[in-house]
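Novice: build me a model from this:
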Amino acid sequence: MFDAPMDGLVLWLGLSAISLSVAGVAVALPAGTAPDAAAVARTVDDVATSEHRVTATVRTRADAIRVRPERVALRTEAGTGRATFVAASPVPAWNGSLEAVLDGERPNAVFSSQAAFARAVTRAREQVEPWRTAPDRLRVRRVVWGEVDVTLVG
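Specialist: Numbers count the residues shown, from 1 in each chain. The predicted structure follows:
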């Protein structure tokens, strides 16, 4: 008469099993969302299509970045965000002479000729871009020198 009914024990065990499985799913979910690569792509496209020579910066909020001529990818432990460029085919300028131009130097102060600038742009564009540590802010600059019209990122 004072014993627990058998149905109560089965119900308690069932609820315990469900609680454990829900807790397991919650622990397995990533801590956040993938970074917003679309904001980076929009900024690059805006700079590339501007009528003026423009410089902009955009926050990356990522651990790693990879810039390719057709798209950008940002990676964190929560996942990878990718976005395609609509109007731009940016050139990575992480170091060397192109980085100096990205930093604000005039191309004719860094390169001996327009042809040398064009060769540096072509080499950087053709190089397979690896994953690299993402900066807090990605810099974007459109540079025009003679026939060379390029959007540098770094």
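Novice: contacts and neighbour counts: CA atoms only from here.
Specialist: Will do.
Novice: neighbouring strands - and their directions - for the longest strand along the chain?
Specialist: Using DSSP state E, we find that the single longest strand of the chain is strand 137-145. Each strand that strand 137-145 pairs with, and the sense of that pairing, follows from DSSP bridges: strand 55-59 (antiparallel), strand 148-153 (antiparallel).
Novice: so for the last one, mean pLDDT?
Specialist: For strand 148-153, mean pLDDT rounds to 94.
Novice: can you show me the CA trace of that strand as CSV?
Specialist: Output for strand 148-153, consisting of C-alpha atoms alone and laid out as CSV, is shown next (Å, rounded to 0.1, in the frame of the first residue of the first chain):
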residue,chain,number,x,y,z
VAL,A,148,46.3,48.7,-63.6
ASP,A,149,43.1,49.0,-61.6
VAL,A,150,43.2,46.7,-58.5
THR,A,151,41.6,46.2,-55.2
LEU,A,152,44.1,45.2,-52.5
VAL,A,153,43.1,43.4,-49.3
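Novice: quick one: buried residues of that strand?
Specialist: Of the residues in strand 148-153, those buried under the neighbour-count criterion (16 or more other CA atoms under 10 Å) are Val150, Thr151, Leu152, Val153.
Novice: closest one to Ala62 out of the residues you listed, please.
Specialist: Comparing the buried residues of strand 148-153 against Ala62 with CA to CA picks out Val153 as the nearest, at 15.7 Å.
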